[in-house]
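>>> Next comes the sequence, and after it the predicted model I'd like to discuss.
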Amino acid sequence: MDTSLSFLSEWWVYVLAGLIFLYVIAQSVVFLLKARKRALSQGLSTSDLNRTMASSALFSIAPSIAILLGLLTLAKIFGPVISGLRLGILGAVTYELPAALNVIKGVYGLDVGAVLEPRMVITALWVMTFGIIPSLVIIPLFFKKINLKMDAFKAKDKGWGQIMMDALFIGMISAFVGVVLAPKVPEEGEPYISVLAILTLLSSAVLIMVMGLLIKKYKLDWLKNYALPISMIAAMGLAVLYAGLGVR
């Protein structure tokens with residue numbers, strides 16, 4: 001990391017992050033104990049609960065790989081402590097990483113791994129923080145009301161309800177596709193469309209569809225938790241291969 005950003009690795013950053021992590025872990029333990037007590041009162045056996053907890057912990061490892069990949073990229077901008085704090089307790093890799101990259105690339109015209117100034121990093125952090133605030137406000141205060149209206153709409157017209165949810169999903173995916181298809185603007189030279197990015201996107205899409213077909217055809221329910229990280233890692237490997245072949 002650039003020495004001008006050494007403040008991201010100061011001792012007080014570790015202390016603050018540690019305190020926040022301890023609070024989140026304590027909160028998780030409290031809710032776990034409450035849920036366990038409630039489950040026992042409903043007639044579930046201790047062995048069933050222990051088996052469920054063990055399997056849940058095991059299957060949470062695979063999805064975490066996808067988060068780890070985003071953490072490695074985000075750490076190049078904010079360092080491991082801030083990146084771990086953002087992805088560990090507040091944000092999601094599908095939001096945090098694009099938000100940071102949009103600031104670094106869109107505002108300052110730099111790439112990940114470039115020498116950044118403190119003002120650039122702080123600007124990206126503020127953008128990420130302000131961007132996540134609406135969801136923290138809307139969900140606790142208005143989710144129940146929104147959900148009731150959505151359920152009423154679905155009950156009235158199931159066809160349109162499904163179409164609306166599919167449209168929302170496609171709209172979200174389109175936002176990420178736009179980043180891939182947008183022309184790349186190098187510091188020197190003409191803007192170009194990245195064939196490498198498009199090939200990587202298509203490869204990951206094909207891989208996830210293959211995973212879906214395998215799950216459906218062979219009833220491999222356990223693969224559901226591994227499909228995303230496997231597709232991501234395989235697509236990243238293919239991206240390295242494409243780049244080695246000279247694809248830009």
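Sure, I can see it.

>>> what residue is smack in the middle of this protein?
What sits nearest the mean C-alpha location of the chain, by Cα atoms, centre = their mean, is residue 93, with 2.4 Å.

>>> so what's the residue lying farthest from the centre of the chain scoring on pLDDT?
No residue in the chain sits farther from the centre than residue 43, which is 36.3 Å out by Cα atoms, centre = their mean. Looking at residue 43, its pLDDT is 86.

>>> And it, how far from residue 34?
17 Å (Cβ to Cβ, to the nearest Å). For glycine as for every other residue, the C-beta is placed from the backbone atoms N, C-alpha and C.

>>> My read is that the residue nearest to the centre of the chain contacts residue 67, right?
Yes - if you go by Cβ atoms under 8 Å, residue 93 and residue 67 touch, sitting 5.3 Å apart.

>>> any residues in contact with both of the two?
Residues within reach of residue 93 and of residue 67 at once, by Cβ atoms under 8 Å, 6 or more residues apart in numbering, are residue 87.

>>> ok, now how distant is residue 30 from residue 39?
The value you get for residue 30 to residue 39, if Cβ to Cβ is used, is 15 Å.

>>> residue boundaries of the strands in the chain?
With DSSP state E as the definition, the chain shows no strands.

>>> Where does pLDDT dip in it?
1-4, 59, 62-63, 91, 112-113, 187 (pLDDT under 70).

>>> Identify the single longest helix in it, thanks.
When the chain is parsed with DSSP state H, its longest helix is helix 118-156.

>>> Who are the packing partners of that one?
When contacts are defined as 3 or more Cβ pairs under 8 Å, 6 or more residues apart in numbering; DSSP states H and E, helix 118-156 sits against helix 61-85, helix 93-101, helix 158-181.

>>> Residues contacting the second one, please?
Under the criterion Cβ under 8 Å, 6+ apart, residues 66-67, 69-71, 73-74, 77-78, 86-87, 112, 124, 127-128, 131-132, 176, 179 lie in contact with helix 93-101.

>>> hmm, back to that, ok, the nearest residue to the residue nearest to the centre of the chain once chain neighbours are set aside to residue 218 distance?
Spatial nearest neighbour of residue 93, chain neighbours left out: residue 70 (3.2 Å); criterion: Cβ to Cβ, 6 or more residues apart in numbering. The spacing between residue 70 and residue 218, counted by Cβ to Cβ, is 30 Å.

>>> quick one: which of those two has more around it?
residue 70 (21 against 9; other Cβ atoms under 10 Å).

>>> how about the more buried one, what does it touch?
Taking Cβ under 8 Å, 6+ apart as the test, what residue 70 contacts is 87, 93, 96, 97.

>>> Isn't the first one up against residue 74?
Yes - using Cβ under 8 Å, residue 87 is in contact with residue 74, at 6.8 Å.

>>> The two: which is more packed in?
Comparing residue 87 with residue 74 by other Cβ under 10 Å, the one with more neighbours is residue 74, at 26 against 21.

>>> Distance of that one relative to residue 85?
10 Å.

>>> How about residue 153?
38 Å.
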